[in-house]
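Engineer: Could you look at this predicted model? Sequence included:
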Amino acid sequence: SEEENTITQGLWGQKVIQSEGLSASLLTANPGSGCLCSVALLSLHGARWFCAPLRDYMRLCIAKIFHFRLPDDGPLWLEAQTSAPCSKSSSSPIAAPFTAKVQVGSHHWRDAQRGAYHDARNWGTFGWMGSEGALCCSGAAGGGFVLSKSAPGSLGRRGFPGCECDRFLSISDRSRDNREAVGSEGIKQNGKKLAVNPGWSQDSTDRSAPRQSKLKPEVTTEMVRSSSVMVSNMASVLSEPKFGLRDTIVKSELVQREDSYTYIQNFRFFVGTYNVNGQSPKESLQPWLRCDSAPPDVYCVGFQELDLSKEAFFFNDTPKEEEWFKAVTDSLHPDAKYAKVKLVRLVGIMLLLYVKADLALNISEVEIETVGTGIMGRMGNKGGVAIRFKFHNTSVCVVNSHLAAHTEEYERRNQDFKDICSRMQFCQSNPNLPPLTISKHDVILWLGDLNYRLEELDVTKVKQLVDEKAFSELCQYDQLKRQMNAKAVFEGFTEGEISFQPTYKYDAGCDEWDTSEKCRVPAWCDRILWKGQNVAQLSYRSHMALKISDHKPVSSVFDIGVKVVNEELYRKVFEEIVRSLDKMENANIPSVTLSQREFHFEDVKYMQLQVEKFTIRNGQVPCQFEFISKPDEVTYCKEWLIANPSKGFLLPGSEITIELELFVNKSTATRLNSGEEKLEDILVLHLDRGKDYFLSVTGNYLPSCFGSPIHTLCYMREPIQDMSAESIRNLTLMPLEMSDNATQAEKPLEIPKELWMMVDHLYRNASQQEDLFQQPGLRSEFEQIRDCLDKGMHDTLLGSNHSVAEALLLFLESLPEPVICYRFYSSCLECANNYLLSSQIISNLPECHKNVFEYLMAFLRELLKNSGKNNLDVNILASIFGGLLLRPPPGHPMPNIMEKRKAQQFIHQFLLKENSLS
């Protein structure tokens, strides 16, 4: 029709990059009169129309979607039909219903006279019509539209009157994290998984589902993907990939004034934890996940020991993930439809997050992280996984952890908790802001097999108190309660009253306590705690009906008060901030005051963190700060130093504490030992639109056997810290090729004395130690062991067997040249299944390296003779030591699974041969 042609002349568009979480804004306009006819906010989830009155310009209400389709190839089009004529206006030629066909645009424009005017509120846009022509409004999650009073046909991509092209917006998909193993995310209703609309999801496996034409969009995988800023993120003023100082100021001010435009609304969270002892889901999970009549709004479901196989432990690969994911999905409450938000897994620790489908659009900023706290502080058999997200305007972090085992290891459990808290960091959508830690969230839900036990009571007494249901008396002997009371762990967290019997340890398949030879004392290993305001626990219970594991699952239901945005109040606050910012901008140059500018770290030791703090206090102008690199340097500091946070934003009169963390590890120790590098650095603190501040960092490093070459240590008959700096330097810099023929006053030792001390200690004291090389030690004990080796203070090493074993592994990892020299790496992988060729490679090693290899293989074969006691087998030892003795050279890509398997096979050969190289 004539009206349709009039409308479409003013349309502009561009094919958008289709990606999860993307939404685009679009308009139809009458370019002749300049009136706003309609504003559409379109997303890959579906479509919704929103009409916005702009000053004296008339508006048009779109009643329904007439046609909506997504072609397999090419741009996205939308057809819509009006239900009634527009309001009467002298400037409007439109007086009848019309149909408009439009192509989705992805441009964003900036009004040169007014500056960008942004609003990321839920499904809404608003703005001003400039007298000189163009209006700029940024819609939610990255879309944009432009109105122009220019002549017909002039509404194009560039050259608007009064406008400058800001940038094209393409919302890239940052959600496909390599750590996420699930490829299909869908919706579940009444116990059945529904097909995801194939027009939206590339992950969907069901391609036969018909497309639907509904005004209310179907919830799909893209609604709840990680990292993409969702349309419902009311506090995120800008959702573009680029973040400037102005944007940061507005967002910070909004956070400061959040209480003035939000109200509290309760949502029900189900939180569950289950250690499944490596079993497959042979029974329904409904008694656990459907235990209440009312469906929860959010499910947080965690598992531990999902897979106990060596494949899962060493290669993080397991089919159990899909099995348990399906079992959970099939057992969710039948009276609601749920969308999976995220799955994260580390070896056997898995966490699932679901949300009611009709609430999915209120979930945003989803991120996942994992931290391994197993042997050497990295292995993932113990540790934690977490999902953080924003629900309306409340930030939530859900952590699932599996802490160290055994009754006597409560200090190790405390250390695991602290390691997870310190190492778990989530990237923010604004790159100018530092990563978020667990503690920086409004609500924290912590679940898992925390492994704290009952102490001071024998098994008979515990069972008696359980039979009497004297749980409050029994809790007095609970390690977690005692450690929390001592403020040694979970400070600030709350746990509900325990009114159920201990959840560990049972005989699998029944409700009988452990009848094995070990006869474990019952304990509440499986726990749920929380931290934050507006959290009310409604239930805390175990579920005895599930019997496949030696643990019982635990659940807790919470009512959590979530901050929801009042759109009208939000708009007022937003406008006030923008107006005040306009007045303040360019008025002054930012400046700060530093509490300290010179820092000295005294007696720095290998793998022992030292921290110095200082304060940045801001003046009267908002400022953005960042430590920047010096000319000709890639990073802002040396490898052994880090500033936390390294960048941030300060409101007027506010201050922030910066921690300078100095930590020497395997990558920096060798050059510090030799004196090639000193603990000296200059940090440059830069203020955006302001000046630079310079900070001096110095320190002295105590040399260590950790990070020293094997041949260097073989020539050191004295403890390294008793030797002169010159001697250490000469021996460390001595080429390996010269070590066999070096003209030294004394003949070198066959193996380093430090290596002998650790292996001899383990041979004499730990041959039958349960879980040797699998159970981590204590950091404080490692520091004692390191000092013993570096200073020669004692004839025997201090610390537990597990701590000595971990020290041995850390020592081998720190060698700048591995036991099997870098140049032999490829050859070893090629002959991993040929023992004769492998033996020839070992015989060609430098003498000291060959001696160490033979010595270690003999020791490991002795351990295997006691495998019935220490739970070691040839595959475990080959995997652990294969990655330490046989490492890829610098610059080589990270080993893939195939290379790791070959390294394991190479070592495996020598563990099965007695006197292999004699």
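Structural biologist: Okay, I see it. What you see is a predicted model; the values in this text were computed from it and never measured.

Engineer: and the closest residue to residue 627 other than its chain neighbours, how far is that from residue 408?
Structural biologist: Nearest-residue entry for residue 627: residue 636, 4.2 Å, with adjacent residues in sequence omitted and distances by C-beta to C-beta, 6 or more residues apart in numbering. For every residue, glycine as well, the C-beta is placed using N, CA and C. Remark: distance between residue 636 and residue 408 (C-beta to C-beta, to the nearest Å) = 43 Å.

Engineer: Quick check: residue 295 touching residue 336?
Structural biologist: Yes: judged on C-beta atoms under 8 Å, residue 295 makes contact with residue 336 at a distance of 3.8 Å.

Engineer: for the protein, which spans come out with low pLDDT?
Structural biologist: Applying pLDDT under 70 to the chain flags the ranges 1-244, 378, 584-587, 739-745, 914-918.

Engineer: Kindly state the domain boundaries assigned to it.
Structural biologist: Structural domains annotated on the chain: 258-567, 592-702, 818-917, as defined by the TED database.

Engineer: Tabulate the ones you listed in TSV, adding columns for mean neighbour count.
Structural biologist: Converted to TSV, the domains of the chain look like this (neighbours: other C-beta atoms under 10 Å):
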stretch	mean neighbour count
domain 258-567	20
domain 592-702	16
domain 818-917	17
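
Engineer: Figure out which of those domains is closest to residue 756.
Structural biologist: Shortest distance between residue 756 and the domains of the chain, using C-beta to C-beta, is found for domain 818-917: 7.9 Å.

Engineer: Show the contacting residues for residue 706.
Structural biologist: Residue 706 makes contact with 606-607, 666, 669, 786, 810-811, 814, according to C-beta atoms under 8 Å, 6 or more residues apart in numbering.

Engineer: Could you list which of the residues you listed belong to helices?
Structural biologist: Among those, DSSP state H puts 666, 669, 786, 810-811, 814 in helices.

Engineer: Tabulate those (TSV), appending distance to residue 529.
Structural biologist: Output for these, formatted as TSV (distance: C-beta to C-beta, whole Å):
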residue	distance to residue 529
666	35
669	38
786	34
810	32
811	37
814	36
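
Engineer: Residue 589: which of the residues you listed is nearest?
Structural biologist: Distances from those to residue 589 were compared by C-beta to C-beta; the smallest belongs to residue 669, at 42.8 Å.

Engineer: Find the nearest non-adjacent residue to the closest one, please.
Structural biologist: residue 707 (2.7 Å).

Engineer: In which helix or strand does that neighbour reside?
Structural biologist: Using DSSP states H and E, residue 707 falls within no helix or strand.

Engineer: Go ahead and confirm it touches residue 673.
Structural biologist: Yes: in this structure, residue 707 sits in contact with residue 673. The criterion is C-beta under 8 Å, and the distance is 5.7 Å.

Engineer: Tell me the bridge partners for the residue nearest the centre of the chain.
Structural biologist: For the chain, the residue nearest the mean C-alpha position is residue 369 (1.9 Å; C-alpha atoms, centre = their mean). Each beta-bridge partner of residue 369 is listed here, defined by DSSP bridges: residue 386.

Engineer: My guess is residue 692 contacts residue 684. True?
Structural biologist: Yes: at 5.4 Å, residue 692 counts as touching residue 684 under the criterion of C-beta under 8 Å.

Engineer: Which neighbours do these two have in common?
Structural biologist: Shared contacts of residue 692 and residue 684, defined by C-beta under 8 Å, 6+ apart, are found at residue 628.

Engineer: Quick check: residue 488 touching residue 417?
Structural biologist: No: using C-beta under 8 Å, residue 488 is not in contact with residue 417, being 9.2 Å away.

Engineer: still on that earlier bit, and the ones in helices among the contacts of residue 706, which two are the farthest apart?
Structural biologist: Distance extremes for the ones in helices among the contacts of residue 706: the farthest pair is 666 and 786 at 13.0 Å, using C-beta to C-beta.

Engineer: how close does the spatially closest residue to residue 351 that is not a sequence neighbour sit to residue 348?
Structural biologist: With C-beta to C-beta, 6+ apart as the measure, residue 400 is the residue that lies nearest to residue 351, at 4.2 Å, once sequence neighbours are left out. Summarising the geometry, the distance separating residue 400 from residue 348, computed by C-beta to C-beta, is 11 Å.

Engineer: residues making contact with stretch 903-910?
Structural biologist: 314, 828-829, 831-833, 835, 838, 842, 857, 874-875, 877-879, 881-883, 885-886, 895, 916.

Engineer: Send over that stretch as PDB, restricted to the C-alpha atoms.
Structural biologist: As requested, the backbone C-alpha atoms of stretch 903-910 are provided in PDB (Å, rounded to 0.1, in the frame of the first residue of the first chain):
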ATOM      1  CA  ALA A 903      54.000 -39.400  28.500                       C
ATOM      2  CA  GLN A 904      52.100 -41.600  30.900                       C
ATOM      3  CA  GLN A 905      52.900 -44.700  28.700                       C
ATOM      4  CA  PHE A 906      56.600 -43.800  28.600                       C
ATOM      5  CA  ILE A 907      57.000 -43.800  32.400                       C
ATOM      6  CA  HIS A 908      54.600 -46.800  32.700                       C
ATOM      7  CA  GLN A 909      57.200 -49.000  30.900                       C
ATOM      8  CA  PHE A 910      59.900 -48.300  33.500                       C
END
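
Engineer: Tell me how far it lies from the chain's centre.
Structural biologist: Going by C-alpha atoms, centre = their mean, to the nearest Å, the spacing between the C-alpha centre of stretch 903-910 and its chain's C-alpha centre is 33 Å.

Engineer: How about stretch 427-445?
Structural biologist: Taking the mean C-alpha point of stretch 427-445 and that of its whole chain, the gap between them comes to 10 Å (C-alpha atoms, centre = their mean).

Engineer: That stretch: end-to-end distance?
Structural biologist: End-to-end span of stretch 427-445 (C-alpha to C-alpha, to the nearest Å): 19 Å.

Engineer: Can you name every helix or strand that the helix or strand containing residue 643 contacts?
Structural biologist: Taking DSSP H and E as the definition, residue 643 sits inside strand 641-644. Packed against strand 641-644 by the contact rule (3 or more C-beta pairs under 8 Å, 6 or more residues apart in numbering; DSSP states H and E) you find strand 655-662, strand 679-687.

Engineer: Could you point out the helix or strand that follows it?
Structural biologist: For strand 641-644, the succeeding helix or strand toward the C-terminus, using DSSP H and E, is strand 647-650.

Engineer: which residues sit against that next one?
Structural biologist: Outside strand 647-650, the residues that touch it by C-beta under 8 Å, 6+ apart are 245, 248-249, 252, 432-434, 592, 616, 618, 622-627, 656.

Engineer: cutoff 6 Å now
Structural biologist: 248, 252, 434, 618, 623-624, 626 (C-beta atoms under 6 Å, 6 or more residues apart in numbering).

Engineer: Redo the residues you listed as a markdown table? Include secondary structure and distance to residue 357.
Structural biologist: Below are the contacts of strand 647-650 laid out as a markdown table (DSSP: H, G, I helix; E, B strand; the rest coil; distance: C-beta to C-beta, whole Å):
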| residue | secondary structure | distance to residue 357 |
| --- | --- | --- |
| 248 | helix | 34 |
| 252 | helix | 33 |
| 434 | coil | 34 |
| 618 | strand | 44 |
| 623 | strand | 43 |
| 624 | strand | 39 |
| 626 | strand | 41 |
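
Engineer: Good, wrapping up.
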